[in-house]
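>>> the sequence isn't on hand, but the structure is:
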């Protein structure tokens, strides 16, 4: 499991993915709640504002559900 996590992190840094693709890839690997800081940790090349824009668009499209507010906000993937 640790090797898979390491490979995913290396792939996120070495491949040039769009912000949307990078966030989607992180969401595909996470279970349960995901925060902006979780995504920023796995995608160090993305700015927080880019992550926020992608998450807002995914919430608007109905792919994610937002919970909490401010620093306590989190996102849950809708099935």
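Nice, I can see it. Because the structure is a prediction, the values reported are computed rather than measured.
>>> so who does residue 69 touch?
Applying Cβ atoms under 8 Å, 6 or more residues apart in numbering to residue 69 gives no contacts. (Glycine included, C-beta is placed from N, CA and C.)
>>> okay, it: pLDDT?
With respect to pLDDT, residue 69 has a value of 91.
>>> got the end-to-end distance for stretch 25-39?
Terminal residues of stretch 25-39 are spaced 10 Å apart (Cα to Cα, to the nearest Å).
>>> tell me the average confidence for that stretch?
Here stretch 25-39 scores 89 as its mean pLDDT.
>>> list the buried residues of it.
Buried residues in stretch 25-39, counted by 16 or more other Cβ atoms under 10 Å: 25-27, 34-36, 38-39.
>>> mind putting these into TSV with secondary structure and distance to residue 69?
Compiled in TSV, those are given as follows (DSSP: H, G, I helix; E, B strand; the rest coil; distance: Cβ to Cβ, whole Å):
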residue	secondary structure	distance to residue 69
25	helix	26
26	helix	21
27	helix	20
34	strand	16
35	coil	12
36	helix	13
38	helix	17
39	helix	18
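>>> any chance of the residues you listed in CSV, with distance to residue 67 too?
As requested, those are exported to CSV (distance: Cβ to Cβ, whole Å):
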residue, distance to residue 67
25, 22
26, 17
27, 15
34, 11
35, 10
36, 13
38, 14
39, 15
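>>> of those, which is the nearest to residue 79?
Nearest to residue 79, judged by Cβ to Cβ, of the buried residues of stretch 25-39 is residue 27 at 12.3 Å.
>>> next, count neighbours for residue 19.
18 (other Cβ atoms under 10 Å).
>>> for the protein, what spans make up the strands?
Assigned by DSSP state E, the strands in the chain fall at 64-67, 74-77.
>>> out of these, the one nearest residue 45 is which?
Nearest of those to residue 45, taken as Cβ to Cβ: strand 74-77 at 19.9 Å.
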